[in-house]
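Asks: pasting the sequence and the predicted coordinates here, then a few questions.
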Amino acid sequence: MNQPTRAGLLRFYATPPHPCGYLPDRQATTLFADPAVPKTTALYSLLSAHGFRRSGGHLYRPHCHPCHACVPVRLPVREFRMKRHQERCWEKNQDLVVSERAPVYDPEHYALYQRYLKHRHPGGGMDDGDVRHYTEFLTAAWVNTRFLEMRLDRRLICVAVVDVLDDALSAVYTYYDPDLSARGLGKYAVLYEIIRSREQGLSWLYLGYWIKDCRKMSYKYDYQPMEYFWGGRWTRECPAP
């Protein structure tokens, strides 16, 4: 896929096959937008509408053949209605104080991030990230990133990282106190992002990739009506990759 930019056509580069981080029995190939081309919110918004995501300063999309397990998904926020269990999660967390922070390094955030990774991804290569990897993973100078900080009695228990696009929020990453799993903080963060998107007059919340056979990614199906980028277009018909 080539896209026009002020400098001409935007080129894309594919990585060599490497072990898949989601389905351990498969190989993955990643397609990256040309790193030399200056990135903007407009370009990011355009590529998001074609299934791309941001990691650090890079815009990427899975490009694995013949596997098509990673399906980009987004939620039309104005149409979303909470299910009963989502309402319970929302009510359970009404004692939290949520504030918006600039995307700058904060030792308190980083300590929570490390605790989360050691619990969620032990020995998976993510749990040994240093400060540089942390900031390079979550932030980029050219994008409007916000840290949604959630506190319980002034104690930091969750941070949801989002990017503000032209007509959407993009959920980049969420990490939280692993000792408070009963609160459903990951679920609450998504619900908060949906409501935040509505309040800002945006149309979509991009939730990354839905992977049917990966437990850590399949939860996204619970947020409906979901749209799937499949066959080069967005559809509400759930694909069966």
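Replies: Now that the structure is in, tell me what you want to look at.
Asks: C-alpha only now, for contacts and for neighbours.
Replies: Noted.
Asks: next, count neighbours for Tyr192.
Replies: Neighbourhood size, Tyr192 [other CA atoms under 10 Å]: 16.
Asks: what does Phe32 give?
Replies: Phe32 has 20 nearby residues by other CA under 10 Å.
Asks: how close does it sit to Gly201?
Replies: Note on Phe32: its distance to Gly201, by CA to CA, to the nearest Å, is 30 Å.
Asks: one more: Thr40?
Replies: Going from Thr40 to Gly201 by CA to CA gives 21 Å.
Asks: which stretches of this structure have low pLDDT?
Replies: 1-8, 121-129, 240-241 (pLDDT under 70).
Asks: please parse it into its domains.
Replies: Per automatic domain parsing, the domain ranges recorded for the chain read 3-72, 74-210+217-234.
Asks: would you map the helices across the chain?
Replies: Along the chain, counting by DSSP state H, helices occupy 41-48, 84-92, 107-120, 131-138, 185-199, 215-218.
Asks: Gly57: which of those helices is closest?
Replies: Closest to Gly57 of the helices of the chain is helix 131-138 (CA to CA; 7.5 Å).
Asks: sort out which residues of the closest one are buried, please.
Replies: Judged by neighbour count using 16 or more other CA atoms under 10 Å, the buried positions of helix 131-138 are Tyr134, Thr135, Phe137, Leu138.
Asks: dump it to CSV, restricted to CA.
Replies: Output of helix 131-138 as CSV, limited to C-alpha atoms (Å, rounded to 0.1, in the frame of the first residue of the first chain):
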residue,chain,number,x,y,z
VAL,A,131,13.6,3.5,31.5
ARG,A,132,14.7,4.2,27.9
HIS,A,133,12.7,1.3,26.5
TYR,A,134,9.7,2.4,28.6
THR,A,135,9.6,5.9,27.2
GLU,A,136,10.5,4.9,23.7
PHE,A,137,7.7,2.3,23.7
LEU,A,138,4.9,4.6,25.0
